[in-house]
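> sequence unknown, structure follows:
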């Protein structure tokens with residue numbers, strides 16, 4: 001599985017993993033900022049997302065193995081690894097499987113616990129898009145609105161639209177496989193998985209993804225961890241309060 005990446009800047013390797021139904025380009029603005037700190041930022045598209053290859057197989061172990069192959073192909077070691085949501089679960093799987101490759105680990109608004117499936121409306125909406133009928137982004141937005149009423153979430157989802165050829169839209173996502181394998185998104189980290197390196201967990205003050213009662217469980221996997229709460233932010237903490245989010249990462253990396 002060859003992963004697509006947008007690489008920004010030069011310096012020490014810093015890999016960023018997007019969340020479910022996202023892509024590396026979602027992190028371009030923060031990636032440019034981080035690159036100014038002396039890092040080469042690798043904005044990865046995970047399998048079945050963005051411009052990376054499609055596969056009928058989908059799990060965190062596979063995505064961690066994809067990233068190991070990417071590191072080998074690009075001679076990357078001592079990496080800083082940041083993952084948000086689904087990308088955070090991949091980052092945890094990678095760091096506990098290949099700790100020798102990770103210098104510092106940053107997890108954004110996800111815990112190593114089980115999460116019940118909760119993306120069904122989004123998946124149903126994306127699967128419903130009929131590009132034999134839908135010819136503009138506006139028409140796609142209108143069709144999606146009956147499933148996803150929040151304009152901001154629709155705008156995020158519709159970043160996956162692209163022109164397959166002149167006049168024909170499509171989705172970069174492998175939406176069929178992601179819908180079939182959606183249960184994989186909530187799977188917990190293995191009970192015996194651990195990473196002793198420096199780890200920062202960031203959670204949104206308005207998010208319920210990392211609760212106070214989750215912190216002791218997190219420490220059983222990541223003994224050398226810190227946690228910080230991003231104010232005025234929910235699950236999309238990096239987009240809702242980017243200055244505080246970036247500031248906490250800068251403190252951690254220093």
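The structure has been received and is ready for your questions. Keep in mind the model is a prediction, meaning the values are calculated, not measured.

> what ranges does the stretch 51-200 of the chain have for its helices?
60-73, 86-97, 120-128, 137-145, 151-157, 175-180 (DSSP state H, counting those that start in this stretch).

> quick one: which of those is nearest residue 216?
Taking C-beta to C-beta, helix 86-97 is the member of those nearest to residue 216, at 16.3 Å. All C-beta atoms are positioned from the backbone trio N, CA, C, and that covers glycine.

> comparing the helices of the stretch 51-200 of the chain by mean pLDDT, which bottoms out?
Least confident of the helices of the stretch 51-200 of the chain, judged by mean pLDDT, is helix 151-157 with a mean of 91.

> reformat the helices of the stretch 51-200 of the chain as JSON lines; add mean neighbour count and distance to residue 194.
Shown next, in JSON lines, are the helices of the stretch 51-200 of the chain (neighbours: other C-beta atoms under 10 Å; distance: least, C-beta to C-beta, whole Å):
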{"stretch": "helix 60-73", "mean neighbour count": "18", "distance to residue 194": "15"}
{"stretch": "helix 86-97", "mean neighbour count": "26", "distance to residue 194": "6"}
{"stretch": "helix 120-128", "mean neighbour count": "16", "distance to residue 194": "32"}
{"stretch": "helix 137-145", "mean neighbour count": "16", "distance to residue 194": "41"}
{"stretch": "helix 151-157", "mean neighbour count": "15", "distance to residue 194": "33"}
{"stretch": "helix 175-180", "mean neighbour count": "16", "distance to residue 194": "29"}
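
> how about a markdown table for those, with distance to residue 241 added?
Below are these laid out as a markdown table (distance: least, C-beta to C-beta, whole Å):
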| stretch | distance to residue 241 |
| --- | --- |
| helix 60-73 | 27 |
| helix 86-97 | 17 |
| helix 120-128 | 23 |
| helix 137-145 | 26 |
| helix 151-157 | 15 |
| helix 175-180 | 28 |
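
> indicate which one of the ones you listed is closest to residue 6.
helix 60-73 (12.8 Å).

> just the angle between the closest one and helix 86-97, please?
Helix 60-73 and helix 86-97 are oriented at 70 degrees to each other (axes from the mean of the first three to the mean of the last three C-alpha atoms, to 10 degrees).

> relative to residue 187, which of the helices of the stretch 51-200 of the chain is closest?
Closest approach to residue 187 among the helices of the stretch 51-200 of the chain (C-beta to C-beta): helix 60-73, 6.5 Å.

> packing partners of the closest one?
Contacts defined by 3 or more C-beta pairs under 8 Å, 6 or more residues apart in numbering; DSSP states H and E place helix 60-73 against strand 12-17, strand 39-44, helix 86-97.

> hmm, 7 Å instead?
Judged by 3 or more C-beta pairs under 7 Å, 6 or more residues apart in numbering; DSSP states H and E, helix 60-73 is in contact with helix 86-97.

> ok, back up a step: quick one: which of the helices of the stretch 51-200 of the chain is nearest residue 229?
With respect to residue 229, and counting by C-beta to C-beta, the nearest of those is helix 86-97 at 15.5 Å.

> right, and the helices of the stretch 51-200 of the chain - which one's nearest residue 246?
helix 86-97 (16.7 Å).

> so what does that closest one touch, helix or strand wise?
If you count contacts as 3+ C-beta pairs under 7 Å, 6+ apart, helix 86-97 packs onto strand 12-17, helix 60-73, strand 79-84, strand 102-108.

> mind listing what the first one pairs with, with the direction of each?
Paired with strand 12-17 in the same sheet, following DSSP bridges, are strand 39-44 (parallel), strand 79-84 (parallel).

> list the contacts of the lowest-mean-pLDDT helix or strand in the chain.
The least trusted helix or strand in the chain, going by mean pLDDT, DSSP states H and E, turns out to be helix 151-157, with a mean of 91. Here helix 151-157 makes contact (C-beta atoms under 7 Å, 6 or more residues apart in numbering) with 21, 122, 126, 141, 144-145, 148.
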